[in-house]
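Engineer: Quick one, structure for this:
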Amino acid sequence: MDFDTRIPIYLQIIEKIKKDITLGKLKKGEKLPSVRSMASELKVNVNTIQRVYQELERKGITATQRGKGSFVMEDEEMISKIKDDMAKRLIESFVEGMKELGYGSEGIVKSIHEYMREE
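Structural biologist: Model (predicted):
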């Protein structure tokens, strides 16, 4: 995983895990890798992954079972909300970028329609 130096690493890892959940790469009820295993795989400090797992649990995305590890919650509504939140952030970023280029609402919508037709 390539990290953006402008964003804290733990936040980038949280976003990656959330994306993997919404894409089904991590299934509902699936066990996450151990803290040490994940840290080794991503080449980050164990404390960083510990923070990631704590934040995911605090947000209700995972649950920790003492002695067994962290597991993805099985709440379909929560997974849908994560996906919607991620989509909203992408749209906000896109719209802000288009506004910076001088586009108004109609221009933005027109650009999207043109892009989708080319797809």
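Engineer: how far does stretch 53-62 sit from the chain's center?
Structural biologist: The chain centre lies 12 Å from the centre of stretch 53-62; the measure is CA atoms, centre = their mean, to the nearest Å.
Engineer: How about stretch 14-25?
Structural biologist: Average the C-alpha atoms of stretch 14-25, do the same for its chain, and the two points are 5 Å apart (CA atoms, centre = their mean).
Engineer: what's the answer for stretch 38-48, then?
Structural biologist: Between the centre of stretch 38-48 and the centre of its chain there are 17 Å (CA atoms, centre = their mean).
Engineer: same check, this time on stretch 89-107
Structural biologist: Using CA atoms, centre = their mean, the mean C-alpha position of stretch 89-107 is found 22 Å from that of the whole chain.
Engineer: check contacts around the residue nearest to the spatial centre of the chain.
Structural biologist: For the chain, the residue sitting closest to the mean C-alpha position, by CA atoms, centre = their mean, is Glu15 at 2.5 Å. The neighbours of Glu15, taking CB atoms under 8 Å, 6 or more residues apart in numbering as the test, are Met86. From N, CA and C alone the C-beta is placed, and that goes for glycine too.
Engineer: swap in the one 5 residues further on?
Structural biologist: Listed by CB under 8 Å, 6+ apart, the contact partners of Asp20 are Leu26.
Engineer: Let's verify it: helix, strand, or coil?
Structural biologist: Recorded secondary structure, Asp20: helix (DSSP: H, G, I helix; E, B strand; the rest coil).
Engineer: State the distance from it to Leu26.
Structural biologist: Going from Asp20 to Leu26 by CB to CB, to the nearest Å gives 4 Å.
Engineer: what do you get for Val46?
Structural biologist: Applying CB to CB to Val46 and Leu26 gives a distance of 20 Å.
Engineer: now swap in Ser105 and tell me
Structural biologist: 36 Å.
Engineer: Between the two, which has more neighbouring residues?
Structural biologist: Leu26 (20 against 10; other CB atoms under 10 Å).
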